[in-house]
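# the sequence and its predicted three-dimensional model are supplied below.
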Amino acid sequence: MSSSTQSAAEQIAKIAKAMQQQRTGHAPKAVTVVMGEDTLVVTLLDALSPAERALAQSPEGMAQVQEYHRRLFTSSNDEMRREIARITGREVREAAAEIEPSTGTVVHAFTSGAMVQVYLLTSQTTAEAERGGDAQDRLGRAEDEGLHSVPG
(Lines give C-alpha, C1' and ligand atoms only; values in the text may rest on other atoms or scores of the structure.)
Protein backbone atom coordinates (compact mmCIF):
# COMPACT_ATOMS: atom_id res chain seq x y z
CA MET A 1 0.00 0.00 0.00
CA SER A 2 1.52 3.35 -1.01
CA SER A 3 1.60 6.26 1.41
CA SER A 4 -0.88 8.13 -0.81
CA THR A 5 -3.50 5.42 -0.25
CA GLN A 6 -2.73 4.89 3.43
CA SER A 7 -4.87 6.72 5.97
CA ALA A 8 -3.24 9.24 8.29
CA ALA A 9 -3.57 6.73 11.16
CA GLU A 10 -1.84 4.03 9.11
CA GLN A 11 1.00 6.38 8.19
CA ILE A 12 1.46 7.44 11.82
CA ALA A 13 1.42 3.80 12.97
CA LYS A 14 4.13 2.91 10.48
CA ILE A 15 6.31 5.85 11.58
CA ALA A 16 5.78 5.10 15.29
CA LYS A 17 6.81 1.47 14.75
CA ALA A 18 9.93 2.47 12.81
CA MET A 19 10.92 5.08 15.38
CA GLN A 20 10.54 2.59 18.24
CA GLN A 21 12.69 0.08 16.35
CA GLN A 22 15.30 2.76 15.66
CA ARG A 23 15.36 4.07 19.25
CA THR A 24 15.40 0.75 21.10
CA GLY A 25 16.43 -1.93 18.60
CA HIS A 26 13.15 -3.72 19.40
CA ALA A 27 10.08 -3.32 17.18
CA PRO A 28 6.67 -3.48 18.87
CA LYS A 29 4.53 -6.48 17.99
CA ALA A 30 1.73 -4.17 16.86
CA VAL A 31 0.87 -0.48 16.77
CA THR A 32 -2.65 0.85 17.21
CA VAL A 33 -3.52 4.45 16.34
CA VAL A 34 -6.79 6.05 17.41
CA MET A 35 -7.58 9.49 16.03
CA GLY A 36 -10.31 11.65 17.48
CA GLU A 37 -11.26 15.21 16.66
CA ASP A 38 -8.45 16.72 18.75
CA THR A 39 -6.56 13.68 20.00
CA LEU A 40 -4.23 11.06 18.64
CA VAL A 41 -3.30 8.03 20.74
CA VAL A 42 -0.55 5.68 19.59
CA THR A 43 -0.26 2.38 21.44
CA LEU A 44 2.83 0.24 20.92
CA LEU A 45 1.98 -3.30 21.96
CA ASP A 46 4.66 -5.66 23.27
CA ALA A 47 7.18 -2.86 22.80
CA LEU A 48 9.63 -3.85 25.53
CA SER A 49 12.66 -6.02 24.89
CA PRO A 50 13.05 -9.29 26.82
CA ALA A 51 15.73 -7.60 28.97
CA GLU A 52 13.37 -4.72 29.83
CA ARG A 53 10.60 -7.17 30.72
CA ALA A 54 12.98 -9.04 33.01
CA LEU A 55 14.14 -5.80 34.64
CA ALA A 56 10.54 -4.72 35.19
CA GLN A 57 9.86 -7.72 37.45
CA SER A 58 10.99 -5.72 40.50
CA PRO A 59 9.48 -2.38 41.58
CA GLU A 60 12.86 -0.67 41.20
CA GLY A 61 13.40 -2.17 37.77
CA MET A 62 9.88 -1.22 36.71
CA ALA A 63 10.57 2.39 37.67
CA GLN A 64 13.82 2.32 35.67
CA VAL A 65 12.09 0.96 32.57
CA GLN A 66 9.31 3.55 32.84
CA GLU A 67 11.79 6.40 33.26
CA TYR A 68 13.92 5.14 30.36
CA HIS A 69 10.95 5.07 27.98
CA ARG A 70 9.70 8.46 29.12
CA ARG A 71 13.15 9.88 28.34
CA LEU A 72 13.16 8.18 24.93
CA PHE A 73 9.76 9.67 24.23
CA THR A 74 10.90 13.13 25.28
CA SER A 75 14.08 12.95 23.20
CA SER A 76 12.23 11.89 20.04
CA ASN A 77 9.11 13.95 20.63
CA ASP A 78 10.09 16.75 18.22
CA GLU A 79 10.57 14.34 15.32
CA MET A 80 7.24 12.62 15.96
CA ARG A 81 5.46 15.98 16.30
CA ARG A 82 6.84 17.04 12.91
CA GLU A 83 5.67 13.78 11.32
CA ILE A 84 2.19 14.12 12.83
CA ALA A 85 1.94 17.73 11.58
CA ARG A 86 3.13 16.68 8.12
CA ILE A 87 0.60 13.85 7.90
CA THR A 88 -2.42 15.50 9.54
CA GLY A 89 -1.78 19.15 8.75
CA ARG A 90 -2.27 19.95 12.44
CA GLU A 91 0.27 20.90 15.09
CA VAL A 92 0.59 18.91 18.32
CA ARG A 93 -0.07 21.07 21.39
CA GLU A 94 0.64 18.47 24.07
CA ALA A 95 2.22 15.04 24.23
CA ALA A 96 2.56 12.43 26.97
CA ALA A 97 3.76 8.85 27.28
CA GLU A 98 2.87 6.06 29.66
CA ILE A 99 4.55 2.69 29.92
CA GLU A 100 3.07 -0.47 31.38
CA PRO A 101 6.11 -2.71 31.93
CA SER A 102 4.13 -5.76 33.03
CA THR A 103 2.53 -6.02 29.58
CA GLY A 104 5.22 -4.31 27.53
CA THR A 105 2.80 -1.63 26.32
CA VAL A 106 3.85 1.95 25.57
CA VAL A 107 1.16 4.59 24.99
CA HIS A 108 1.85 7.97 23.39
CA ALA A 109 -0.92 10.58 23.54
CA PHE A 110 -0.85 13.77 21.48
CA THR A 111 -3.62 16.19 22.39
CA SER A 112 -4.85 19.73 22.02
CA GLY A 113 -5.50 20.47 25.67
CA ALA A 114 -7.74 17.50 26.44
CA MET A 115 -7.41 15.02 29.27
CA VAL A 116 -6.77 11.58 27.79
CA GLN A 117 -7.69 8.38 29.58
CA VAL A 118 -6.44 5.17 28.02
CA TYR A 119 -7.84 1.75 28.85
CA LEU A 120 -6.03 -1.27 27.43
CA LEU A 121 -8.35 -4.21 26.88
CA THR A 122 -7.75 -7.93 26.74
CA SER A 123 -6.92 -9.32 23.33
CA GLN A 124 -9.66 -8.95 20.76
CA THR A 125 -9.76 -12.64 19.96
CA THR A 126 -10.26 -13.54 23.65
CA ALA A 127 -13.04 -10.99 24.12
CA GLU A 128 -14.78 -11.91 20.86
CA ALA A 129 -14.60 -15.62 21.61
CA GLU A 130 -16.31 -14.98 24.96
CA ARG A 131 -19.08 -12.94 23.24
CA GLY A 132 -19.26 -15.19 20.20
CA GLY A 133 -18.83 -12.33 17.73
CA ASP A 134 -16.33 -10.74 15.40
CA ALA A 135 -15.16 -7.18 16.10
CA GLN A 136 -13.24 -6.95 12.82
CA ASP A 137 -16.24 -5.19 11.28
CA ARG A 138 -15.95 -2.39 13.85
CA LEU A 139 -12.23 -1.72 13.40
CA GLY A 140 -10.36 -0.21 10.50
CA ARG A 141 -7.10 -2.12 10.28
CA ALA A 142 -3.87 -1.88 8.36
CA GLU A 143 -3.07 -5.55 8.09
CA ASP A 144 0.53 -5.23 6.97
CA GLU A 145 3.29 -5.26 9.57
CA GLY A 146 0.95 -5.49 12.57
CA LEU A 147 -0.25 -1.89 12.19
CA HIS A 148 -3.76 -1.03 13.30
CA SER A 149 -5.79 2.13 12.90
CA VAL A 150 -9.12 2.92 14.44
CA PRO A 151 -11.07 5.78 12.87
CA GLY A 152 -12.21 8.46 15.30
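Cool, the structure landed.
# all helices for this protein, in order.
Assigned by DSSP state H, the helices in the chain fall at 8-24, 50-55, 59-88, 124-131.
# tell me the mean pLDDT over the second one?
Mean pLDDT, taken over the full extent of helix 50-55, equals 91.
# residues of it that come out buried?
If you call a residue buried by 16 or more other C-beta atoms under 10 Å, then helix 50-55 has these buried ones: 52, 53, 55. Heads up, the C-betas are built off the backbone N, CA and C, glycines and all.
# go on, stretch 84-97?
84, 87, 88, 92, 95, 97.
# circling back to that earlier point, of the helices of the chain, flag the one that's most buried.
Using mean count of other C-beta atoms under 10 Å, the stretch among these with the greatest mean number of neighbours is helix 8-24 (a mean of 20).
# before we move on, the earlier item: dump the helices of the chain to TSV, plus distance to residue 30.
Supplementary listing: these in TSV, determined by distance: least, C-beta to C-beta, whole Å:
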stretch	distance to residue 30
helix 8-24	8
helix 50-55	16
helix 59-88	17
helix 124-131	11
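# residues contacting the closest residue to residue 95 other than its chain neighbours?
Nearest residue to residue 95 in three dimensions, chain neighbours excluded: residue 110, at 4.9 Å (C-beta to C-beta, 6 or more residues apart in numbering). Under the criterion of C-beta atoms under 8 Å, 6 or more residues apart in numbering, the contact partners of residue 110 comprise 39, 40, 41, 42, 80, 81, 84, 92, 94, 95.
# touching, residue 120 and residue 102? I think so.
No: here residue 120 lies out of contact with residue 102, judged by C-beta atoms under 8 Å, at a distance of 10.9 Å.
# and the residue nearest the centre of the chain?
For the chain, the residue sitting closest to the mean C-alpha position, by C-alpha atoms, centre = their mean, is residue 43 at 2.0 Å.
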